[in-house]
Structures are given as C-alpha cells and as structure tokens.
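Novice: Okay, predicted coordinates and the sequence, questions at the end:
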Amino acid sequence: MKDHFSHVTTWVFDLDNTLYPPRMRLFDQIEARMVAYVMTKLNVDRAEADRLRRVYWHEYGTTLAGLMAEHNLDPEPFMVDVHDVDFSILTPDPVLRQRIAQLRGCKIIYTNGSAPYAGNVLAARGLDGLFDDIYGVEHASYRPKPEAAAFEQVFARAKLDPTRAAMFEDEARNLAVPHALGLRTVHVAPNAEPAAHIHHHTDDLSGFLAQVVD
C-alpha cells in the first residue's frame with residue numbers, strides 16, 4: 001500500500017462522514033436545520049422543504065447551490081444557521097490523530113461545509129492543529145464539489161500538484177474530478193461499489209492510514 005502513496009506530498013481530506021464515522025450522525029442535525037431554513041425562507045411545508053433539499057443536493061451538488069441558483073439565496077446566513085449544531089456528539093480519536101500526523105507532506109481539509117464549521121468538527125474530534133489549511137465552500141465562491149471549477153479554485157489556492165496528491169472523500173461522485181486531474185483517490189464509505197475513478201476503498205480511515213504511514 002505504501003508504494004501507491006510514496007509520491008504523495010499533499011493529503012486532501014473531506015470532512016463530514018470522512019474524518020468522523022457516519023454512525024455519529026452529525027450531518028443529521030445539519031439536514032434538519034436545512035429543512036427548517038428552507039421552510040422559513042421559501043414559505044413551504046416540511047415535506048416540500050425536505051424534497052427540495054434532496055433535489056438540489058442531487059442536481060447541484062449541495063442544497064445551498066440549488067437554493068442560490070433557483071432562489072438567489074444569500075449563502076452566508078444559510079451557512080451560519082445550518083452549522084449551528086451540537087458538536088458534543090463527536091468523540092476524540094487519538095489513533096486517527098496519530099496516523100494523520102505521521103503523513104509526510106502538506107495536509108489540508110476541503111469540505112462543502114464552511115471553514116469555521118470544519119474547525120469546530122476538528123476540535124471535537126481532537127484533530128485540530130494537524131492541518132496546514134482548511135478550505136470550505138466559501139473558498140470556491142460557493143461552488144460545491146463535485147464541480148470541476150470548485151476543485152480548480154481550491155487546488156489553485158492550495159498550490160497543489162495533482163500528480164503528487166491524494167484525496168479521501170465519502171461521496172464517490174466527488175472523487176471523479178480529482179481522479180481526472182491525477183490525484184490518488186480513496187473512497188471512505190461502507191459498502192461502496194467499485195468505480196473507475198476510485199483507486200482505493202475503505203470503511204476504516206484509521207486502519208487504512210496505518211497501511212500508508214511509515
């Protein structure tokens with residue numbers, strides 16, 4: 001396994017359901033707050049708000065992107081509101097911290113959430129101070145993964161050489177562009193189906209990194 005990553009000098013990590021397991025269900029809180037926000041802003045009932053949330057996520061990459069495109073929604077208040085969640089359900093992971101710390105090179109976070117939200121997640125997981133930079137959707141002008149323009153903007157900011165980088169991500173569709181650019185791709189998810197744009201799959205990030213680090 002080490003040979004597959006021996007060229008890597010930049011390690012890119014998604015955040016939600018990647019640096020914490022889905023069983024902690026933090027994102028459930030965010031989805032509930034999205035629904036409530038859509039109900040208020042668009043004056044629709046809960047069922048319609050939840051339907052729009054799902055449709056926009058599927059068609060635009062994120063609910064926010066759909067709301068911006070279809071309703072000219074201001075993204076900043078939305079991001080503040082939906083990320084006002086209880087981080088205490090996350091638990092520190094000292095083993096994961098040690099294994100990320102052992103990776104040689106630059107380590108960055110790239111999330112469709114906001115950078116301040118990412119900081120809160122990292123603190124709750126005991127992973128703060130490990131990463132050289134944190135990039136949120138705001139750093140891509142609110143364009144979300146999986147849009148190619150979003151990756152291009154963030155990777156340019158990070159001065160990332162895609163042929164010497166690896167990305168860890170729970171959403172398979174968000175690895176298509178990185179793969180095309182030349183990154184080594186790792187899908188972090190349970191029961192994933194093989195795909196041509198995914199080099200590796202794991203449902204245990206810490207265990208996978210144990211095979212990669214020196």
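Specialist: That came through fine.
Novice: C-alpha only now, for contacts and for neighbours.
Specialist: Fine.
Novice: Can you list the buried residues in the helix ranked longest in the chain?
Specialist: As assigned by DSSP state H, the longest helix anywhere in the chain is helix 26-42. Buried residues in helix 26-42, defined by neighbour count with 16 or more other C-alpha atoms under 10 Å: 26-27, 30-31, 33-39.
Novice: For the residue in the chain sticking out farthest from the centre, give me the pLDDT.
Specialist: For the chain, the residue at maximal distance from the C-alpha centroid (C-alpha atoms, centre = their mean) is N43, at 29.5 Å. On the pLDDT scale, N43 is placed at 97.
Novice: Kindly list the main-chain dihedrals of it?
Specialist: As for N43, its main-chain torsions (degrees, to the nearest 10) stand at phi 60, psi 50.
Novice: How about T18?
Specialist: The phi/psi pair for T18 (degrees, to the nearest 10) reads phi -120, psi -50.
Novice: Provide a list of residues in contact with it.
Specialist: 168-170, 188-189, 205 (C-alpha atoms under 8 Å, 6 or more residues apart in numbering).
Novice: What ranges does the chain have for its strands?
Specialist: Along the chain, counting by DSSP state E, strands occupy 10-13, 106-110, 133-135, 165-169, 184-188, 200-202.
Novice: Make CSV out of these and add distance to V95, mean neighbour count and mean pLDDT.
Specialist: Listed next are those as CSV, based on distance: least, C-alpha to C-alpha, whole Å; neighbours: other C-alpha atoms under 10 Å; pLDDT from 0 to 100:
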stretch, distance to V95, mean neighbour count, mean pLDDT
strand 10-13, 16, 22, 98
strand 106-110, 17, 21, 98
strand 133-135, 21, 19, 98
strand 165-169, 17, 24, 98
strand 184-188, 17, 25, 98
strand 200-202, 16, 19, 97
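Novice: So V12 is in contact with A165, correct?
Specialist: Yes - with contact defined as C-alpha atoms under 8 Å, V12 reaches A165; the gap is 7.3 Å.
Novice: Now distance to R157 too, for the buried residues of helix 26-42, in a markdown table please.
Specialist: Formatted as a markdown table, the buried residues of helix 26-42 follow (distance: C-alpha to C-alpha, whole Å):
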| residue | distance to R157 |
| --- | --- |
| L26 | 28 |
| F27 | 27 |
| I30 | 27 |
| E31 | 29 |
| R33 | 30 |
| M34 | 29 |
| V35 | 32 |
| A36 | 33 |
| Y37 | 31 |
| V38 | 31 |
| M39 | 35 |
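Novice: Just the closest of these to H179, please.
Specialist: Proximity of the buried residues of helix 26-42 to H179 (C-alpha to C-alpha) peaks at F27, which lies at 25.7 Å.
Novice: Can you tell me the closest non-neighbouring residue to the closest one?
Specialist: Excluding the flanking residues, the one nearest F27 by C-alpha to C-alpha, 6 or more residues apart in numbering is D16, at 7.1 Å.
Novice: Would you enumerate the residues in contact with the one you found?
Specialist: D16 neighbours (C-alpha under 8 Å, 6+ apart): 27, 111, 170.
Novice: What distance do you get for the closest residue to the last one other than its chain neighbours to E70?
Specialist: In this structure, D170 finds its nearest non-sequential neighbour in V188, 4.6 Å apart by C-alpha to C-alpha, 6+ apart. V188 sits 31 Å away from E70 when distances are taken as C-alpha to C-alpha, to the nearest Å.
Novice: do T111 as well
Specialist: From T111 to E70 the distance is 22 Å (C-alpha to C-alpha).
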